[in-house]
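Participant: Have a look; sequence and predicted model below, questions after that.
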2 protein chains.
Amino acid sequence: MNAVMDFPIVLAPLGMLRPCATCVVRRTSVCDAIPEADLARLGATAIGGIARPGTQFIADADPATSFFNIISGTARMYKLLPDGRRQITGFANGGNFLGLAVSDTYAFSAEAIDTVRYCRFPRVRLRMLMRDFPRMEERLLKFASTELVAAQEQMLLLGRKSARERVASFLLARSRLVPAGQRSPVHFVLPMARGDIADYLGITIETVVRTLKKLRDERIIEVTNTSEIEICDQAALRCLANGSHP
Amino acid sequence: MNAVMDFPIVLAPLGMLRPCATCVVRRTSVCDAIPEADLARLGATAIGGIARPGTQFIADADPATSFFNIISGTARMYKLLPDGRRQITGFANGGNFLGLAVSDTYAFSAEAIDTVRYCRFPRVRLRMLMRDFPRMEERLLKFASTELVAAQEQMLLLGRKSARERVASFLLARSRLVPAGQRSPVHFVLPMARGDIADYLGITIETVVRTLKKLRDERIIEVTNTSEIEICDQAALRCLANGSHP
DNA sequence: CGGTCACTTGATCGTCTTCAATACCAGTGG
DNA sequence: CCACTGGTATTGAAGACGATCAAGTGACCG
């Protein structure tokens, strides 16, 4: 029952002495605010951890004792209604920061989709870090702003877009995660299941499936193995995504 | 065509010399981060302004040159689709802070609903203020986090709640803005029109009207003058809002 | 193989949208 | 004072989109 495991970061993942120095997401995460010289202190502040697929590592309404910096893997953040209806508010990848809370409790839950490796920052220690490195706070503010912009875009999607437009928007957003350079056709893997996509887009699994099938029939995308997507007609998808054209 | 007007804050609103000192929202806004002794500098940084009803004062995709601190009135923030569909992402009241942007351009628009008085902070000057007063950045981060939590709640509403649940949630949220102390029945005025409510809740005007009528018929709320709401059965509304009970 | 689980597909149903008409209210000018 | 006007709100009837229900498929695994 202990699928979520913490361990001293100095031992993880391969017993390296200066794990932060070689961290693949350091330069793209909030940790970029800490100068090279202070990486030891950063390493002493963070606690490495792993969440196995399906494991919840942040629980709505629980005391917000820690912040999480995702290293690798994909997590889903979500909120539930009492009767079980679920809204996924976002997916977190390597470099993302989780756990910003207003009050002393989390306002959402988070689960690992595949295996998620993360660094956990106890709240108090992160606060000290922010005090000593104002750039850290700056970085967090920038991150929160980014999240806010994404959330507003998602509200537009949830409130005003048709199922077809939602799926198109989702595929486009996912395609933007692919490192630039690879040219058309863009190709990527969806780490999440159909149910996750449905709960993220505010529709049902069946509608996700049917819409994907339709897009495939129209030669706008290609779907293989249910989780691999290839975007054949990016222009068409872009039009669909914002309703420019039926 | 100049319904949005700026003027030196030292002249506003009554020619006071230290306007920040008497600002009614100072203690509840980001300005609370600035110590009394430095209010003069704060006043020199901000530029007072007024937006008349219906006037847009932040335009999506425009260069994000300023941040806004709302003093009084209510504004709507929104995003549009090319064909005119609108999603209102939030309403801003006195004490709220607007304009957080990732890139150099705004990611949303904002319009005054009634007459809105605000303080405008040119981006560069605010940055200097944040540098000299780290508490300012801390305050902004807290504000952004609050917005983020609200956005997640709204995503749950837009993605997974029925029209009835949306309206109930909206009325409850509005009732929470009423200063505590007044007890049941809670009574308040909606500054926004039906169309704004509809575009905020991701439904149509007609559905808003019909749902309000139904709630009124069921003696859960009372509606007078189309803009005054009285909550008669708060418990029932709370149940409705999260779908605990049909 | 029999089990589970995720995905897919089809048929029916219901909520909310759309379209259209009417009511209401404040402001304006005869 | 009162008809006129524009905007918002309300109400009714018809239709559509997506949800729900139900069944079937395929992959993986003990």
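Facilitator: That came through, no problem.
Participant: Going by C-alpha atoms from here, please, whenever you check contacts or count neighbours.
Facilitator: Noted.
Participant: now the residue lying closest to residue A:195 once chain neighbours are set aside: how far from DNA strand C?
Facilitator: Leaving aside its sequence neighbours, residue A:195 sits nearest to residue A:205 (CA to CA, 6 or more residues apart in numbering or on different chains; 5.4 Å). Going from residue A:205 to DNA strand C by CA to the nearest atom of the strand, to the nearest Å gives 6 Å.
Participant: Quick check: phi and psi on residue A:205?
Facilitator: With angles defined as degrees, to the nearest 10, residue A:205 sits at phi -50, psi -50.
Participant: Any chance of the backbone angles for the residue nearest the centre of chain A?
Facilitator: Nearest to the geometric centre of chain A sits residue A:92, at 1.1 Å (CA atoms, centre = their mean). Main-chain torsions, residue A:92, degrees, to the nearest 10: phi -110, psi 130.
Participant: Residue A:211 is in contact with the residue nearest to residue A:195, correct?
Facilitator: No - look at residue A:205 against residue A:211 with CA atoms under 8 Å: they stay out of range, at 10.0 Å.
Participant: Helices of chain A, start to end?
Facilitator: A:19-22, A:39-45, A:123-132, A:134-160, A:163-175, A:194-201, A:205-217, A:234-241 (DSSP state H).
Participant: Tell me which residues are up against the fifth one.
Facilitator: Contacts of helix A:163-175 with the rest of the structure, by CA atoms under 8 Å, 6 or more residues apart in numbering or on different chains, involve A:157-158, A:186-188, A:201, A:203, A:207-208, A:211-212, A:237-238, A:240-243.
Participant: Between the two ends of stretch A:212-224, what distance do you get?
Facilitator: End-to-end distance of stretch A:212-224: 11 Å, with CA to CA, to the nearest Å as the criterion.
Participant: what sits up against it?
Facilitator: With contacts defined as CA under 8 Å, 6+ apart, stretch A:212-224 is touched by A:167, A:229, A:230, A:231, A:232, A:233, A:234, A:236, A:237.
Participant: With residue B:156 as the reference, measure out to the first one.
Facilitator: In other words, residue A:167. Separation of residue A:167 from residue B:156 (CA to CA): 18 Å.
Participant: sorry, back to before: can you lay out the contacts of stretch A:212-224 as TSV showing distance to residue B:22 and neighbour count?
Facilitator: Below are the contacts of stretch A:212-224 laid out as TSV (distance: CA to CA, whole Å; neighbours: other CA atoms under 10 Å in any protein chain shown):
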residue	distance to residue B:22	neighbour count
A:167	51	26
A:229	58	22
A:230	60	20
A:231	58	23
A:232	60	18
A:233	59	17
A:234	55	19
A:236	55	16
A:237	53	23
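Participant: from the residues you listed, which is closest to DNA strand C?
Facilitator: Checking those against DNA strand C by CA to the nearest atom of the strand gives residue A:229 as the nearest, at 10.8 Å.
Participant: any idea how far the closest one is from residue A:222?
Facilitator: According to CA to CA, residue A:229 and residue A:222 sit 6 Å apart.
Participant: Residue A:239 too?
Facilitator: Distance of residue A:239 to residue A:222, given as CA to CA: 17 Å.
Participant: who's more crowded, these two?
Facilitator: residue A:222 (20 against 15; other CA atoms under 10 Å in any protein chain shown).
Participant: if we can go back for a sec, leaving out chain neighbours, which residue sits closest to the residue nearest to the centre of chain A?
Facilitator: Spatial nearest neighbour of residue A:92, excluding adjacent residues (CA to CA, 6+ apart): residue A:75 at 5.0 Å.
Participant: With residue A:122 instead?
Facilitator: Per CA to CA, 6+ apart, closest to residue A:122 is residue A:66, 4.3 Å.
Participant: How about the contacts made by the one you found?
Facilitator: Residue A:66 neighbours (CA under 8 Å, 6+ apart): A:99, A:120, A:121, A:122, A:123.
Participant: The residue nearest to the centre of chain A against residue A:71, yeah?
Facilitator: No - assessed by CA under 8 Å, residue A:92 is found out of contact with residue A:71, at 9.9 Å.
Participant: shaky segments in chain A?
Facilitator: Chain A contains residues with pLDDT under 70 at A:1-18, A:183, A:245-246.
Participant: just to revisit the earlier point, quickly note the distance from the residue nearest to residue A:92 to DNA strand D.
Facilitator: With distances taken as CA to the nearest atom of the strand, residue A:75 is found 21 Å from DNA strand D.
Participant: Ok, residue A:138 next?
Facilitator: Going from residue A:138 to DNA strand D by CA to the nearest atom of the strand gives 39 Å.
Participant: same question, residue A:124
Facilitator: Distance from residue A:124 to DNA strand D, by CA to the nearest atom of the strand: 41 Å.
Participant: Now for the residue of chain A found nearest DNA strand C, how many residues are close by?
Facilitator: Per CA to the nearest atom of the strand, residue A:193 is where chain A lies closest to DNA strand C, at 3.4 Å. Look at residue A:193: counted by other CA under 10 Å, it has 12 neighbours.
Participant: Can you pull the phi/psi pair for it?
Facilitator: Dihedral pair for residue A:193: phi -80, psi 170, per degrees, to the nearest 10.
Participant: Pull the CA coordinates from stretch A:171-182 and hand them back as PDB.
Facilitator: Taking C-alpha atoms only, stretch A:171-182 is exported to PDB below (Å, rounded to 0.1, in the frame of the first residue of the first chain):
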ATOM      1  CA  LEU A 171      -4.700  17.200 -29.900                       C
ATOM      2  CA  LEU A 172      -3.200  20.500 -31.000                       C
ATOM      3  CA  ALA A 173      -2.100  21.400 -27.500                       C
ATOM      4  CA  ARG A 174      -0.600  18.000 -27.100                       C
ATOM      5  CA  SER A 175       1.300  18.300 -30.400                       C
ATOM      6  CA  ARG A 176       2.800  21.500 -29.100                       C
ATOM      7  CA  LEU A 177       4.600  19.500 -26.400                       C
ATOM      8  CA  VAL A 178       6.600  17.700 -29.100                       C
ATOM      9  CA  PRO A 179      10.000  19.300 -29.300                       C
ATOM     10  CA  ALA A 180      10.100  21.600 -32.300                       C
ATOM     11  CA  GLY A 181      12.200  20.300 -35.200                       C
ATOM     12  CA  GLN A 182      10.100  17.300 -36.100                       C
END
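Participant: now it: how far from the chain's centre is it?
Facilitator: Taking the mean of its C-alpha atoms, stretch A:171-182 sits 14 Å from the chain's own mean (CA atoms, centre = their mean, to the nearest Å).
Participant: swap in stretch A:188-196?
Facilitator: Relative to the centre of its chain, stretch A:188-196 is centred 12 Å away, using CA atoms, centre = their mean.
Participant: Break chain A down into its domains, please.
Facilitator: Domain ranges of chain A: A:4-158, A:161-241, per automatic domain parsing.
Participant: does DNA strand C sit close to the longest one?
Facilitator: No - using CA under 7 Å from any atom of the strand, domain A:4-158 never reaches DNA strand C; the gap is at least 9.2 Å.
Participant: which one is residue A:190 nearest to, not counting chain neighbours?
Facilitator: Per CA to CA, 6+ apart, closest to residue A:190 is residue A:227, 5.1 Å.
Participant: Enumerate every residue touching the one you found.
Facilitator: Neighbouring residues of residue A:227 by CA under 8 Å, 6+ apart: A:189, A:190, A:191, A:192, A:193.
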